[in-house]
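Engineer: Would you be able to build a 3D model of this:
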Amino acid sequence: MLKTGKNINATEDKGLSVDMDKEAEVDQFHLQLPFTAFYRETRKSLQLFHVGILTKYVLLVMFALLGVIFLRMTTNNILWNDREVDLTVDTSSRINYVDRNYLGFTIDTSMFQPKVHFRGFNFSSPRVHTLMKALSPALLRIGGTSADWLFYNEPIEVIYPLKLLPSADVLMWYDIQNLVELVRSTGNRLLFGLNLQVRFGTQWDPSNALELIKYCSWMGYCENIDWELGNEPNWYAPGRQNLTTLTPEQIGNDYLILKRLLSQYNNCRQSSIVGPDVGRPTSSSCGKILSRVANMAGSFLRALTFHHYYFAGGTATYKTYLNVSYFHDLAREISEAKLLVSKTKFPDIPIWLGETSDAYDSGTKNVSDRFVSGFLWMEKLGLSAAMGLKVVLRQTLYGGNYALLDVDMNPNPDYWLSWLHKKFVGRSVFAVTLSGPSLPTSTRVYAHCTNTEGSSYDSGALTVFALNVDESTTSVLRFTDNLSDQPVDLYLLEADGPDYVLSKWVKLNGLKLRMISDNLMPLIRPTRLQPGALINLPPVTMAYLVFPYADVQLCRQ
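Structural biologist: Numbers count the residues shown, from 1 in each chain. Okay, here's the model as predicted:
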């Protein structure tokens with residue numbers, strides 16, 4: 001670099017005539033620095049005017065000092081508007097160990113409505129099978145509001161003339177067959193929500209649900225199905241759409257009945273039961289149901305479940321999705337759920353997010369299915385695991401603005417994020433500490449063991465994933481301790497195309513993500529960064545970072 005500087009000075013000492021051959025020898029790094037060009041042109045300009053010698057050299061010294069500062073910053077990949085973040089990952093102990101089905105997905109029971117009935121969804125599509133296999137192992141939950149008054153294999157010509165309120169839908173045996181065969185062939189498992197609002201007065205009427213369980217037992221489906229009962233029972237306010245208002249004790253009692261029904265069939269006894277699928281735990285009605293069901297059914301429940309959405313889909317804009325204040329909302333709900341469960345007879349029951357997405361009421365049109373939705377989704381996946389949840393079920397796989405697949409069964413941006421998460425993120429969770437002079441709230445970072453089953457990495461590898469929702473500032477990540485001298489594989493996610501964060505396309509390390517064919521997922525390659533390198537997380541981007549040689553002992557077990 002010093003030699004280059006002498007060449008420049010030598011050409012300028014001869015006046016304005018520049019030796020073009022020597023100028024071409026200036027290395028490309030200097031040519032990319034705007035300050036270097038500005039400094040050179042300033043010296044030439046000074047020679048054109050009668051400037052005092054002392055004044056001229058004072059100015060040159062000043063520009064030289066500024067150049068040194070600028071050069072030092074650019075060679076360390078730090079610009080004026082960048083923010084440095086120092087990261088420490090504590091791999092000495094786990095803070096959580098998530099379920100192997102941690103990231104799952106749902107199909108809403110509204111898809112059974114006659115006017116819809118899985119319109120556009122092809123159960124035998126090779127593309128669907130390829131995309132679902134890529135997310136396995138996972139739970140496919142069948143549930144939602146209308147699950148509470150869903151009938152099983154009843155004649156449609158009998159049910160619909162009754163004009164029940166709310167209007168009831170019917171699931172036929174071939175629907176169950178399609179769903180079970182789908183999860184079997186893709187390495188996944190079904191979680192089915194039963195009809196809690198089909199009742200005799202205040203008592204659950206399990207007769208129709210029993211017909212479904214009998215059918216599943218006879219067909220050998222129970223080995224692929226787990227069960228839940230009801231959907232957001234806190235929603236049953238007095239007088240609302242002829243729904244029966246249920247006390248927490250009644251709901252707990254209904255779970256005891258469900259357990260007895262399953263116990264009657266040998267191949268259904270091992271099926272898991274989860275619930276009660278309440279809304280926000282910070283709501284008094286939700287909290288009471290969660291606590292009571294835990295106390296009454298905690299001896300056999302696999303998990304306690306609640307739902308979470310950040311805001312209403314109908315009024316949100318893409319700016320809402322980038323508002324970091326919403327990041328704290330989920331933490332409050334998880335903390336309250338953990339506190340409630342800790343006070344029950346069974347304080348160690350796992351807690352799941354039984355249904356969740358960014359915005360309720362089917363998400364936000366032309367936003368929930370775009371790149372910008374990924375920030376809340378990555379944050380939810382990271383925070384839920386870091387705070388102790390075992391499973392997160394994404395609403396939905398298909399159907400609604402927030403679906404992972406569009407109406408033609410092509411992947412939306414959140415599908416690609418889910419795929420990468422499944423591919424690189426393992427079960428052991430570690431604490432991450434962020435520090436720096438001006439720590440940005442727009443940067444979130446989480447760490448897990450690397451998933452060696454879904455990727456080509458060996459045991460002992462560590463995966464860190466991070467997001468930056470700031471629209472103008474780059475976060476510069478600097479790892480400390482044992483990771484500072486490790487090479488790292490970078491998988492950087494950016495929006496592709498002119499639509500900014502509202503793009504439906506995602507770039508991974510500069511290349512658009514798309515299926516190679518209906519039977520083949522894309523091949524992806526990392527950018528290998530050398531030990532000690534600073535990692536730039538540009539505005540509105542996300543990244544997965546794999547440390548292949550971290551040799552974390554807890555990731556070898």
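
Engineer: longest single strand anywhere in the protein?
Structural biologist: strand 425-435 (DSSP state E).

Engineer: Buried ones in stretch 443-453, by neighbour count?
Structural biologist: Neighbour counts over stretch 443-453 (16 or more other C-beta atoms under 10 Å) mark 443-452 as buried. Bear in mind the C-beta positions are built from the backbone N, C-alpha and C, glycine included.

Engineer: Against residue 470, how distant is residue 324?
Structural biologist: From residue 324 over to residue 470 the distance is 9 Å, taken as C-beta to C-beta, to the nearest Å.

Engineer: hey, what's in contact with both of these two?
Structural biologist: residue 442 (C-beta atoms under 8 Å, 6 or more residues apart in numbering).

Engineer: more neighbours, the two?
Structural biologist: Shown here are residue 324 and residue 470; by other C-beta atoms under 10 Å, residue 470 has more neighbours (21 against 15).

Engineer: That one and residue 263, how far apart?
Structural biologist: The value you get for residue 470 to residue 263, if C-beta to C-beta is used, is 54 Å.

Engineer: Ok, residue 272 next?
Structural biologist: For residue 272, the distance to residue 263 - C-beta to C-beta - is 13 Å.

Engineer: and these two? which has more neighbours close in?
Structural biologist: The neighbour comparison of residue 272 against residue 263 (other C-beta under 10 Å) goes to residue 272, with 16 against 11.

Engineer: Distance check, the more buried one against residue 407.
Structural biologist: Computed as C-beta to C-beta, the residue 272 to residue 407 distance reads 32 Å.

Engineer: same deal with residue 223?
Structural biologist: 32 Å.

Engineer: And for residue 361?
Structural biologist: Distance from residue 361 to residue 407, by C-beta to C-beta: 18 Å.

Engineer: which stretches of this protein have low pLDDT?
Structural biologist: Residue ranges of the chain with pLDDT under 70: 1-81, 157-166, 237-242.

Engineer: Following the longest strand of the chain in sequence, what is the next regular element?
Structural biologist: strand 443-450 (DSSP states H and E).

Engineer: starting at the chain centroid, how far to that following strand?
Structural biologist: Put simply, strand 443-450 sits 12 Å off its chain's centre (C-alpha atoms, centre = their mean, to the nearest Å).

Engineer: in its sheet, what does it sit against?
Structural biologist: For strand 443-450, the paired strands and their directions (DSSP bridges) are strand 425-435 (antiparallel), strand 462-468 (antiparallel).

Engineer: any idea which of the ones you listed is most buried?
Structural biologist: strand 462-468 (a mean of 26; mean count of other C-beta atoms under 10 Å).

Engineer: For it, C-alpha coordinates in CSV please.
Structural biologist: The C-alpha trace of strand 462-468 is given here as CSV (Å, rounded to 0.1, in the frame of the first residue of the first chain):
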residue,chain,number,x,y,z
LEU,A,462,-22.8,-24.2,16.5
THR,A,463,-25.5,-22.1,14.7
VAL,A,464,-26.2,-18.5,15.4
PHE,A,465,-29.1,-16.7,13.7
ALA,A,466,-29.6,-13.0,13.7
LEU,A,467,-31.9,-10.3,12.2
ASN,A,468,-31.6,-6.5,11.7
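
Engineer: Can you name every helix or strand that the helix or strand just after that strand contacts?
Structural biologist: Note on strand 462-468: by DSSP H and E, the next helix or strand toward the C-terminus is strand 475-479. Contacts defined by 3 or more C-beta pairs under 8 Å, 6 or more residues apart in numbering; DSSP states H and E place strand 475-479 against strand 83-90, strand 462-468, strand 535-537.

Engineer: run the last query once more with 10 Å
Structural biologist: Counting contacts by 3 or more C-beta pairs under 10 Å, 6 or more residues apart in numbering; DSSP states H and E, strand 475-479 is packed against strand 83-90, strand 425-435, strand 443-450, strand 462-468, strand 535-537, strand 541-547.

Engineer: pretty sure residue 125 is touching residue 518, no?
Structural biologist: Yes. Using C-beta atoms under 10 Å, residue 125 makes contact with residue 518 at a distance of 7.5 Å.

Engineer: shared neighbours of those two, anything?
Structural biologist: Residues touching both residue 125 and residue 518 (C-beta atoms under 10 Å, 6 or more residues apart in numbering) are 131, 409.

Engineer: Skip the chain neighbours and tell me the closest residue to residue 326.
Structural biologist: residue 310 (4.7 Å; C-beta to C-beta, 6 or more residues apart in numbering).

Engineer: now residue 298
Structural biologist: Using C-beta to C-beta, 6+ apart, the closest residue to residue 298 is residue 346 (3.1 Å).

Engineer: now swap in residue 151 and tell me
Structural biologist: The shortest distance from residue 151 to any non-neighbouring residue, by C-beta to C-beta, 6+ apart, is to residue 170 (5.0 Å).

Engineer: quick one: the one you found from residue 281, how far?
Structural biologist: Residue 170 is 33 Å from residue 281, by C-beta to C-beta.

Engineer: ok, now residue 294?
Structural biologist: 11 Å.

Engineer: next one: phi and psi at residue 358?
Structural biologist: phi -80, psi -50 (degrees, to the nearest 10).

Engineer: next one: residue 555
Structural biologist: phi -90, psi 0.

Engineer: which residues sit in contact with it?
Structural biologist: 91, 94, 426-428, 430, 448-450, 452, 457-463, 547.

Engineer: Any idea what the residue nearest to it when sequence neighbours are not counted is bridged to?
Structural biologist: Counting by C-beta to C-beta, 6+ apart, residue 555 lies nearest to residue 449, which is 3.7 Å off, once chain neighbours are set aside. Per DSSP bridges, the residues bridged to residue 449 are residue 462.
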